[in-house]
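Trainee: how would this look folded up:
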Amino acid sequence: GKLIYIFGADKLGTLDLSGCTPKNSNWMIADCTLLRKLIIGGSGYTPAYTTDILSALNLGQMPFLEEIDIRDTKILTLNASGCPRLKSVLAEGSLLQSFNVAEASPIETLHLPSTMTDLRFVNLPKLTYGTGMTIEGFENVKTLTVNGCPNIDSVKLLSDVLSAGATLTGVSISGLKAIA
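Mentor: Now for the predicted structure:
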């Protein structure tokens with residue numbers, strides 16, 4: 001692989017790397033502060049090689065980022081906690097296990113793979129389970145957190161996770177009332 005330097009990265013609005021295979025050792029996009037759309041994978045994406053492949057995507061402070069596409073990549077963790085305008089994440093077919101999103105972000109489209117181990121949804125007012133949010137499978141889920149998400153039916157989500165045979169080690173759901 002070749003090391004690519006992008007001059008003027010601080011002015012980019014869209015970065016499409018779907019024709020490349022980013023490596024862990026040289027991954028740095030912190031200067032892309034005006035980025036609105038980041039494409040690393042896509043439907044049918046295949047990495048060009050298998051060594052030192054990007055597995056952790058830590059986006060840092062990207063206040064204008066709205067869309068991320070990591071479909072069919074080998075990315076295991078996605079930290080978008082510094083992306084308060086995020087609206088769409090496409091990750092189906094990837095190896096993603098953990099996704100951290102900024103609280104109160106306007107995310108409406110979230111497609112997650114069956115490899116997810118940590119499902120955490122906190123203060124996401126526009127996210128709806130079943131329409132905007134889809135998850136390919138729940139069998140690997142270990143922890144589930146739902147708090148301040150009025151459009152996520154947390155009882156249905158918990159039921160779906162348990163029905164898939166997941167072995168939960170932690171559950172935190174706010175607003176549930178037990179009826180004896």
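Trainee: Going along the chain, name the helices of this protein.
Mentor: 154-163 (DSSP state H).
Trainee: Grab the most central residue of it for me.
Mentor: Phe99 (4.4 Å; Cα atoms, centre = their mean).
Trainee: gap between that one and Ile6?
Mentor: 26 Å (Cβ to Cβ, to the nearest Å). The C-beta positions use only the backbone N, C-alpha and C, and glycine is treated the same way.
Trainee: re earlier: isn't the residue nearest to the centre of the chain right up against Ser81?
Mentor: No. Using Cβ atoms under 8 Å, Phe99 is not in contact with Ser81, being 9.9 Å away.
Trainee: would you list every one of the strands in this protein?
Mentor: 14-16, 37-39, 56-58, 67-69, 77-80, 88-90, 98-101, 109-112, 118-122, 133-135, 143-147, 170-173 (DSSP state E).
Trainee: low-scoring pLDDT stretches of the protein, where are they?
Mentor: 1-3, 176-180 (pLDDT under 70).
Trainee: quick one, which of the strands of the chain is packed in tightest?
Mentor: Using mean count of other Cβ atoms under 10 Å, the stretch among the strands of the chain with the greatest mean number of neighbours is strand 67-69 (a mean of 22).
Trainee: what sits up against that one?
Mentor: 18, 36-42, 59, 78, 80, 86-91 (Cβ atoms under 8 Å, 6 or more residues apart in numbering).
Trainee: repeat that for 7 Å
Mentor: 37-42, 80, 87-90 (Cβ atoms under 7 Å, 6 or more residues apart in numbering).
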